[in-house]
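Undergrad: What follows is a predicted protein model with its sequence.
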Amino acid sequence: MKLETFFEKFGLLVGAPDAVAKMRVLVLRLAVMGELVAQDDEDEPVSALTEQIEKDRSSFVEKRKLSRQRIYDDVSGSESPFALPRGWAWTRLGALCRVQAGFAFSSAAFVQGDSGIPIIRIRDIANDHTQVNYVGEYREEFLINPGDYLVGMDGNFAVAKWRGPQALLNQRVSRLQWYSTKLEPKFFAVAAQHRLTELQGKKAYTTVDHLSSKQIENAVVPLPPLAEQKRIVAKVNELMVLCDRLEAQQQEREARHAALARASLARFAEAPTPANLEFLFHNAYDISPADLRKSILSLAVQGKLISGRSNWKKTTLKKACLLITDGEHATPERTASGIPLATAKNVRDGYLDLGVTDYVAEETARKCWRRCKPRGADVLMVCVGATTGRVCLLSDPPQMVLVRSVALLRADHEVLAPAYLDLFLRSPLGQGQIWGGVKQNAQPCLYLGKMSAFEIALPTLAEQHRIVAKVDELMALVDKLEAQLGTACTTAANLLSAAVAELTRSRQPYAAADSKSAAEESAVA
């Protein structure tokens, strides 16, 4: 497959996650591997270029009165990331440029505002501006000019061209000072980024990824003839413009689709039919299944899912429930086996998971059951901790003991269907009352008094059952459509991976196409 064909098939690949970003990374990878442009036998050989770089390097060292000119080991076969194109050579970045480390400027002299001179810290490398200025003394050798290439030595190891104002080079940031004008810095910035990204996760310290100047200098990079470097950079620039255009078109499409999605969501709210719900799952719409589920629950408790609505009666959960309580406040003694002890972690969204739990002795459980013994058709809700508001309806539960973090609500079946109570608590209206009543101490806590005072508008029991049935129907359709959408996304991702593999199969690239980092894109920005 040709790269042009790859771009022509963008419409098939756009559904893959980060499709344009991956296309950019692929372009850079193919550039470094020599796959973007044709070779020309008339190009000056790399051997002549290497001799010129050595002369220019000696002149650079002498002019700046540097203490020494380092000698680098030849690149061994085991260090070669892929087979080089004909006429190329492997070299080390330190043979092409000086890696100038920044200075440890005193942070006490960092100021906000217009005074002083901007200072470049790691967080500023990929931006066009700095966040603080420096008002102390400095040496001019640490002044950075627009167009200089910088390397971040902690974190993501970004290689980026500085486009901001003249600024100072702070510690943990290095500048690449090219020895010769017979080099295209942009090409080698891309090559260096690929190599340094491989060092991600190799830590010199315990808390952050860290690069040393020696690691940067010893990074292995390919050296094409100068004329080919120029052709590659020109092609990269051309393809990046195409990526920009595709990205802009994609953003424009997404904006139109977002407007259509809002209109479709409004139409579904007016007529919540399966047909209108299915229309919302157009693969271009940016409506999450989670948001659709919330919409369905919200419409349900407003009575908009059924026709022929009766007059609903407002009441409180205290009046509509036979029991509202919570589990044991005093921690019961654990045992190796026995009766499961259900905590907040066991109450999931819509189901109870006792796969991982502690146990109490049956004698202890019987004492606990005097206060609260869960049974079928009870609703459990987390009432303490970050997951407060999680709800599940018990159908045929095993014997268990609840702790303080789990509340139990037992509906009065003559006025409130348990499934409708479950639906109400999971709806935006119910969740709003839950979190509106939460007391924020060291951790969220919903007291039983607040819970009992929740207001609920009750339709007749018959209508409650109709609403629950309609919600079940629509939720099943959301599940089905979500699975179809996931399949479409996976198919697009597989197509993208296959296309990338076909384009790079001739040589082993630096890294897999989907393991890209944002730093790889910034090198040629």
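TA: Perfect, thanks for sending it. Nothing here was measured: the structure is a model prediction, and the numbers come from that model. Numbers count the residues shown, from 1 in each chain.

Undergrad: just checking, L477 touches P274?
TA: Yes - L477 lies in contact with P274 (CB atoms under 8 Å); the separation is 5.5 Å. Every C-beta, even on glycine, is put in place using the N, C-alpha and C of the backbone.

Undergrad: If you count surrounding residues, which of these two has more?
TA: L477 (17 against 13; other CB atoms under 10 Å).

Undergrad: Just confirm the more buried one is within a helix.
TA: Yes - counting by DSSP: H, G, I helix; E, B strand; the rest coil, one finds L477 located in a helix.

Undergrad: Distance of the nearest residue to L317 once chain neighbours are set aside relative to Y447?
TA: Spatial nearest neighbour of L317, chain neighbours left out: F454 (4.6 Å); criterion: CB to CB, 6 or more residues apart in numbering. In this view, F454 and Y447 are 12 Å apart by CB to CB, to the nearest Å.

Undergrad: These two: which is more packed in?
TA: F454 (24 against 14).

Undergrad: list residues touching both of F454 and Y447?
TA: The contact sets of F454 and Y447 overlap at G437 (CB atoms under 8 Å, 6 or more residues apart in numbering).

Undergrad: before we move on, which element is L402 in?
TA: Using DSSP states H and E, L402 falls within strand 401-402.

Undergrad: Could you point out the helix or strand that follows that strand?
TA: Next element after strand 401-402 (DSSP H and E): strand 406-411.

Undergrad: CA atoms only: put that next one into CSV for me.
TA: This file holds the C-alpha atoms of strand 406-411, laid out as CSV (Å, rounded to 0.1, in the frame of the first residue of the first chain):
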residue,chain,number,x,y,z
VAL,A,406,-24.9,0.0,52.7
ALA,A,407,-28.5,1.1,53.2
LEU,A,408,-31.6,-1.1,52.7
LEU,A,409,-34.9,0.2,51.3
ARG,A,410,-37.9,-2.1,51.4
ALA,A,411,-40.8,-0.8,49.3
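
Undergrad: Could you list every helix and strand that the very next helix or strand once past it packs against?
TA: Next along the chain after strand 406-411, taking DSSP H and E as the criterion, comes helix 418-426. If you count contacts as 3 or more CB pairs under 8 Å, 6 or more residues apart in numbering; DSSP states H and E, helix 418-426 packs onto helix 289-301, strand 379-382, strand 391-393, strand 406-411, helix 428-436, helix 461-504.

Undergrad: And the contacts of helix 418-426?
TA: In contact with helix 418-426 (CB under 8 Å, 6+ apart) are residues 297, 300-301, 317, 320-321, 349-350, 377-379, 381, 389, 391-393, 409, 411, 430-431, 434, 456, 464-465, 467-468, 471.

Undergrad: how big is the angle separating it from helix 289-301?
TA: Angle of helix 418-426 versus helix 289-301, following axes from the mean of the first three to the mean of the last three CA atoms, to 10 degrees, is 120 degrees.

Undergrad: for the stretch 351-500 of the chain, which spans come out with low pLDDT?
TA: Low-confidence segments of the stretch 351-500 of the chain (pLDDT under 70): 488-489, 491-493, 495-497, 499-500.

Undergrad: same check, this time on the stretch 1-150 of the chain
TA: 1-17, 68.

Undergrad: hang on, Q100 in a strand?
TA: Yes - according to three-state DSSP, the state of Q100 is that of a strand.

Undergrad: Would you quantify the distance from it to G94?
TA: 11 Å.

Undergrad: D326 now?
TA: D326 is 66 Å from G94, by CB to CB.

Undergrad: do S427 as well
TA: 63 Å.

Undergrad: How about S78?
TA: For S78, the distance to G94 - CB to CB - is 19 Å.

Undergrad: likewise V382?
TA: 58 Å.

Undergrad: the more surrounded of those two?
TA: For V382 versus G94, neighbours defined as other CB under 10 Å are more numerous around V382 (24 against 21).

Undergrad: shouldn't that one be in contact with A344?
TA: Yes - contact criterion CB under 8 Å: V382 and A344 qualify, at 4.5 Å.

Undergrad: which neighbours do the two share?
TA: 390, 405-406.

Undergrad: out of the residues you listed, who has the most neighbours?
TA: Each of these was scored for neighbours by other CB under 10 Å, and V406 scores highest at 27 neighbours.

Undergrad: A344 is in contact with that one, correct?
TA: Yes - with contact defined as CB under 8 Å, V406 counts as touching A344 (6.1 Å).
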